[in-house]
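>>> 3D model of this:
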Amino acid sequence: MKIGLIILTLAGQFFLSSVNATVVTIPGHSERSHQILPKRGISVEAVLKKFGEPEQRFEPIGEPPIMEWSYGSFRVYFEYHTVLHSIDLNTLILPNQ
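Sure, this is the predicted structure:
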């Protein structure tokens with residue numbers, strides 16, 4: 001009897017865990033574009049090799065120095081000479097002004 005109760009409990013937990021899925025959305029982003037972006041941690045040289053010269057380079061700001069490169073449809077942010085973050089401008093949703 002105890003084994004049957006354990007099996008029933010485990011089966012119920014399995015069923016409930018598969019039913020209780022949650023969709024997580026990131027505020028300010030849309031899933032419309034699947035553009036390949038530079039990954040966190042790669043070097044400036046690797047970005048140049050894969051994506052070419054940016055349309056615009058902004059001077060480093062602050063300490064540690066944060067540098068921004070613009071590639072038209074996306075931006076890349078570097079800390080020293082390493083990618084910190086990339087933003088796909090096609091999926092960025094700006095608030096109404």
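>>> His81 against Ile42, yeah?
No: His81 is beyond contact range of Ile42, at 10.0 Å (criterion: Cβ atoms under 8 Å). Quick note: C-beta positions are derived from backbone N, CA and C, even for glycine.
>>> Which of these two has more residues huddled nearby?
A direct count of neighbours by other Cβ atoms under 10 Å for His81 and Ile42 places Ile42 higher, at 17 against 13.
>>> For the more buried one, which non-adjacent residue is spatially closest?
The shortest distance from Ile42 to any non-neighbouring residue, by Cβ to Cβ, 6 or more residues apart in numbering, is to Val83 (5.1 Å).
>>> who are the neighbours in contact with the one you found?
Residues near Val83 by Cβ atoms under 8 Å, 6 or more residues apart in numbering: 38-43, 47, 76-77.
>>> Without its sequence neighbours, what residue ends up closest to Lys50?
Spatial nearest neighbour of Lys50, chain neighbours left out: Pro38 (7.2 Å); criterion: Cβ to Cβ, 6+ apart.
>>> how about that neighbour, phi and psi?
The phi and psi values for Pro38, taken as degrees, to the nearest 10, are phi -60, psi 140.
>>> go on, Val44?
Taking degrees, to the nearest 10 as the convention, Val44 sits at phi -60, psi -40.
>>> residues contacting Pro86?
For the record, residue 86 is Ser, not Pro. Neighbouring residues of Ser86 by Cβ under 8 Å, 6+ apart: 37-40, 74-77.
>>> any idea which of those residues is the one closest to Asn90?
Nearest to Asn90 among the contacts of Ser86: Phe74, at 7.8 Å, using Cβ to Cβ.
>>> Dig out what the closest one forms beta bridges with.
Asp88 (DSSP bridges).
>>> so how far is His85 from it?
Taking Cβ to Cβ, to the nearest Å as the measure, Phe74 falls 11 Å from His85.
>>> of the two, who's got more company?
Shown here are Phe74 and His85; by other Cβ under 10 Å, Phe74 has more neighbours (21 against 14).
>>> Next, the closest residue to Glu79 other than its chain neighbours: phi, psi?
Using Cβ to Cβ, 6+ apart and skipping residues adjacent in sequence, the residue nearest Glu79 is Pro64, 5.2 Å away. Backbone geometry at Pro64, expressed as degrees, to the nearest 10, gives phi -70, psi 150.
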